[in-house]
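Peer 1: After the sequence you'll find the predicted model.
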Amino acid sequence: MLILGVESSCDDTAAAVVEDGHRVLSSVVSSQDDIHSKFGGIVPELASRRHIESIIPVVDSALLKASVTIGDIDGIAVTQGPGLVGSILIGLSFAKAVSFVRSIPFTGVNHIESHPLAAFLHETQEHEPPDFPFVSLIVSGGHTTLLLMESHTGYRILGQTLDDAAGEAFDKVAKLLGLGYPGGVAIDRLARTGDPDSARFTRPYIAKGSLDFSFSGIKTAVLTHVRGLKGAIDEKTLSDLSASFQEAVVDVLVDKALWALEATGSANLVVAGGVACNSRLRARLREAAQQEAIRLFIPPPKFCSDNGAMVAALGYHQIKKGATGTLDMNALPTWEGF
Ligand code: KG4
Ligand code: ZN
């Protein structure tokens, strides 16, 4: 079954063609970083307008790269929420229109729930997928969530952020260090040559065993630290600060993922979301997985950050179950529980 996945919940317009929920024939992402970077964050109205311009070219490109036509598509999966309402509506309206005209089913997908499905994706060689139930740590610009995935389409929320998301903390710290937006990649790069022990930022665990997160305090601690530094910040200090901040965030993410595995008795961990591209997080998780005999799945960066393939993967299972949408389906900017 060929599914066209469409994602437009935030600032990327993405489309992908995926066979049977795992084989990726194409995945195209059009980033909007160029328009939002000068504002230091996402401007929702500009995001919606760019989605309108991009959606058809992005889908056309995904079909072309997959060497298929719209007539070959069996169903459409589209992000229904959570996210920016104006942005979601572009993808959702597009999916409804194509579904109606082509007489094929469509299904509305939870963006957060779709991130872990990236662990099932492959382009060439198929790999052993994770076993259910598995723990998924989803770390992105909008969410930091621990889910217990009980099936492809069933999950339990184990914990989530009480304030800033991990990616949001990266972006805010990058902004205050003058590194531009989005800043996660810049911090990752600078941290490689920095000393993670140069500044000791408190690790926000909330309570021993708690699976919730809180990152706004670290951001404020970095701000206070920077204010205490007199004069211009040189390159070495920037690297040291980046490494110290990153280490604090990574410590918490790794420890809480391990606590979640312990609490659920699962030995399978899937990590996804834009922050899962972070090289230090990936290295620390690999180390922990080796020590603790964990089956760790971190998709390649293109399937960690927002993409249409993960949406198609979840949508495939929903359509197979008969969970298809109707034309009166609305966007869900806040999805119950998230
Ligand atoms: O999942 P994503 O592409 O979009 C959503 O927010 O849903 O995640 C984007 C976030 C941004 O906050 C970005 O700064 C962060 O992921 N990010 C990183 C890295 N690459 C992207 N954070 C840390 N290190 C990275 N290498
Ligand atoms: Zn996302």
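Peer 2: Happy to help now that I have it. Numbers count the residues shown, from 1 in each chain. Ligands and ions are numbered 1, 2, ... in the order given.
Peer 1: Can you check what pLDDT the model gives residue 43?
Peer 2: Residue 43 carries a pLDDT value of 88.
Peer 1: Hmm, residue 37 and it touching each other?
Peer 2: No: if you go by CB atoms under 8 Å, residue 43 and residue 37 don't touch, sitting 10.7 Å apart. Bear in mind the C-beta positions are built from the backbone N, C-alpha and C, glycine included.
Peer 1: Between these two, point out the one with more neighbours.
Peer 2: The residue with more neighbours, out of residue 43 and residue 37, is residue 43; 17 against 14, by other CB atoms under 10 Å.
Peer 1: where's the spatially closest residue to that one that is not a sequence neighbour relative to ligand 2, distance?
Peer 2: In space, and not counting its chain neighbours, residue 43 is closest to residue 36: 6.0 Å by CB to CB, 6 or more residues apart in numbering. For residue 36, the distance to ligand 2 equals 15 Å [CB to the ion, to the nearest Å].
Peer 1: Ok, residue 300 next?
Peer 2: In terms of CB to the ion, residue 300 sits 15 Å off from ligand 2.
Peer 1: And residue 297, by the same measure?
Peer 2: 17 Å.
Peer 1: What is the burial count for that residue?
Peer 2: Neighbours of residue 297 (other CB under 10 Å): 22.
Peer 1: Would you mind measuring from the closest residue to it other than its chain neighbours to residue 159?
Peer 2: Nearest residue to residue 297 in three dimensions, chain neighbours excluded: residue 119, at 4.1 Å (CB to CB, 6+ apart). Taking CB to CB, to the nearest Å as the measure, residue 119 falls 19 Å from residue 159.
Peer 1: Those two: who's more crowded?
Peer 2: residue 119 (26 against 19).
Peer 1: Near ligand 2, which residues of the stretch 101-250 of the chain are found?
Peer 2: Residues of the stretch 101-250 of the chain lying close to ligand 2 by CB under 5 Å from the ion are residue 140.
Peer 1: Which parts of this structure are strands?
Peer 2: 2-7, 12-19, 23-31, 75-81, 106-110, 134-139, 144-151, 154-160, 268-272, 295-297 (DSSP state E).
Peer 1: Which residue is the nearest non-sequential neighbour of the residue of the stretch 151-300 of the chain found nearest ligand 2?
Peer 2: Closest residue of the stretch 151-300 of the chain to ligand 2, CB to the ion: residue 273 (5.5 Å). Once flanking residues are discounted, residue 273 sits nearest to residue 140: 3.5 Å by CB to CB, 6+ apart.
Peer 1: Compute the inter-axis angle for the lengthiest helix in the chain and strand 144-151.
Peer 2: The longest helix of the chain (DSSP state H) is helix 235-264. When axes from the mean of the first three to the mean of the last three CA atoms, to 10 degrees is applied, the directions of helix 235-264 and strand 144-151 differ by 30 degrees.
Peer 1: So which elements touch helix 235-264?
Peer 2: Helix 235-264 sits against strand 134-139, strand 144-151, strand 154-160, helix 166-176, helix 184-191, helix 216-228, strand 268-272, helix 279-292, with contacts defined as 3 or more CB pairs under 8 Å, 6 or more residues apart in numbering; DSSP states H and E.
Peer 1: now with 6 Å?
Peer 2: strand 134-139, helix 184-191, helix 279-292 (3 or more CB pairs under 6 Å, 6 or more residues apart in numbering; DSSP states H and E).
Peer 1: between these, which gets nearest to ligand 1?
Peer 2: Smallest distance to ligand 1 across the helices and strands packed on helix 235-264 (CB to the nearest ligand atom): 2.2 Å, for helix 184-191.
Peer 1: Pull the residues that contact that closest one.
Peer 2: With CB atoms under 6 Å, 6 or more residues apart in numbering as the test, helix 184-191 has contacts from 167, 170, 174, 179, 238-239, 242-243, 246, 278-279.
Peer 1: out of those residues, what pair is the most spread apart?
Peer 2: Using CB to CB, the contacts of helix 184-191 span at most 20.3 Å, a distance reached by 167 and 239.
Peer 1: who has more neighbours, the two?
Peer 2: Per other CB under 10 Å, whichever of residue 167 and residue 239 has more neighbours is residue 167, with 26 against 19.
Peer 1: just checking, the residue nearest to residue 297 touches residue 128?
Peer 2: No: at 10.3 Å, residue 119 does not count as touching residue 128 under the criterion of CB atoms under 6 Å.
Peer 1: tell me the contacts of residue 11?
Peer 2: Contacts of residue 11 by CB under 6 Å, 6+ apart are 32, 36, 42, 47.
Peer 1: separation between the last one and ligand 1?
Peer 2: Counting by CB to the nearest ligand atom, to the nearest Å, the gap between residue 47 and ligand 1 amounts to 12 Å.
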